[in-house]
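Participant: Sequence plus predicted model, see below.
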Amino acid sequence: MQRLKFHRYLERYVRSLSHGKTNSIYKLVKEVSENLRLREPLLLYAYSFNKVDRLLTASINYPVYSEYADMANKYTRDEIMKLLKNNDENLGELYRKVYRSYVARHDMPDTKNNIRRLIHKNSRSLQESKGISNYRLYTDLKLNHGNVNSYLKYGDISKLNMRNAERILEYLEAV
């Protein structure tokens with residue numbers, strides 16, 4: 001599965017924040033005054049898709065124009081991306097927050113795998129200390145024996161979903 005890219009994250013995020021579920025710059029600019037959560041993601045979205053000029057044109061009669069124009073005069077697309085990646089305080093907390101949300105979403109598969117590895121490690125430790133066989137685990141929990149064996153013997157965390165890995169750990173803790 002491909003990793004989520006920042007521009008695709010912004011596209012979906014802006015659409016989800018919009019009352020009209022749109023990515024139209026003109027419609028979104030009209031909505032910004034009543035939907036303040038759109039302000040920063042909309043500018044980042046415009047930068048990501050090289051639509052800053054369109055955003056400035058659309059926002060010229062709105063209060064948000066001055067902020068957008070200031071940002072467009074200060075930063076190029078590459079500069080703003082560098083500032084976001086470096087979590088630079090000159091950029092402003094709300095812009096950095098949007099990027100941090102993206103990073104959390106982007107890194108979610110790694111985080112989940114790390115949690116599953118920790119659950120596996122704890123499960124193996126408990127299983128060895130309590131002397132519980134794989135057979136007992138998969139029969140008592142009614143799990144697929146091949147997947148449980150691959151998970152416990154070889155550490156293949158892809159064989160069990162998070163819920164079943166947690167079930168094994170809970171069972172071992174309770175015994």
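Facilitator: Sure, I can see it.
Participant: what sits against the spatially most central residue of the chain?
Facilitator: The centroid of the chain falls nearest to residue 105 when counting by Cα atoms, centre = their mean (0.7 Å). Shown in contact with residue 105 (Cβ atoms under 8 Å, 6 or more residues apart in numbering): 4, 9. Just so you know, the C-beta spots here come from the backbone N, C-alpha and C atoms, and that holds for glycine as well.
Participant: Which strand or helix spans it?
Facilitator: Here residue 105 sits within helix 93-106, counting by DSSP states H and E.
Participant: mind checking pLDDT for the residue of the chain most remote from its centre?
Facilitator: Residue farthest from the centre of the chain, counting by Cα atoms, centre = their mean, is residue 131 at 39.1 Å. Here the pLDDT value assigned to residue 131 is 94.
Participant: any idea how far it is from residue 137?
Facilitator: Distance from residue 131 to residue 137, counting by Cβ to Cβ, to the nearest Å: 12 Å.
Participant: Report the distance from the longest helix anywhere in the chain to the chain centre.
Facilitator: Longest helix in the chain by number of residues (criterion: DSSP state H): helix 108-130. Remark: helix 108-130 is offset 22 Å from the chain centroid, using Cα atoms, centre = their mean, to the nearest Å.
Participant: buried ones in it?
Facilitator: 116, 119, 120, 123, 124, 126, 127 (16 or more other Cβ atoms under 10 Å).
Participant: Which element is encountered next along the chain beyond that helix?
Facilitator: helix 134-140.
Participant: just checking, what packs against that next one?
Facilitator: helix 145-154, helix 162-174 (3 or more Cβ pairs under 8 Å, 6 or more residues apart in numbering; DSSP states H and E).
Participant: Buried residues in the longest one, which are they?
Facilitator: Across helix 162-174, burial judged by 16+ other Cβ under 10 Å covers 164, 165, 167, 168, 169, 171, 172.
Participant: and this protein, what are its domains?
Facilitator: 6-106, 110-174 (automatic domain parsing).
Participant: For the ones you listed, state which one has the densest average packing.
Facilitator: domain 6-106 (a mean of 16; mean count of other Cβ atoms under 10 Å).
Participant: That one: end-to-end distance?
Facilitator: 9 Å (Cα to Cα, to the nearest Å).
Participant: what mean pLDDT does that domain have?
Facilitator: The predicted model gives domain 6-106 an average pLDDT of 94.
Participant: Give me the phi and psi for residue 62.
Facilitator: With angles defined as degrees, to the nearest 10, residue 62 sits at phi -120, psi 150.
Participant: I'd say it and residue 32 touch.
Facilitator: Yes. Look at residue 62 against residue 32 with Cβ atoms under 8 Å: they come within range, at 6.8 Å.
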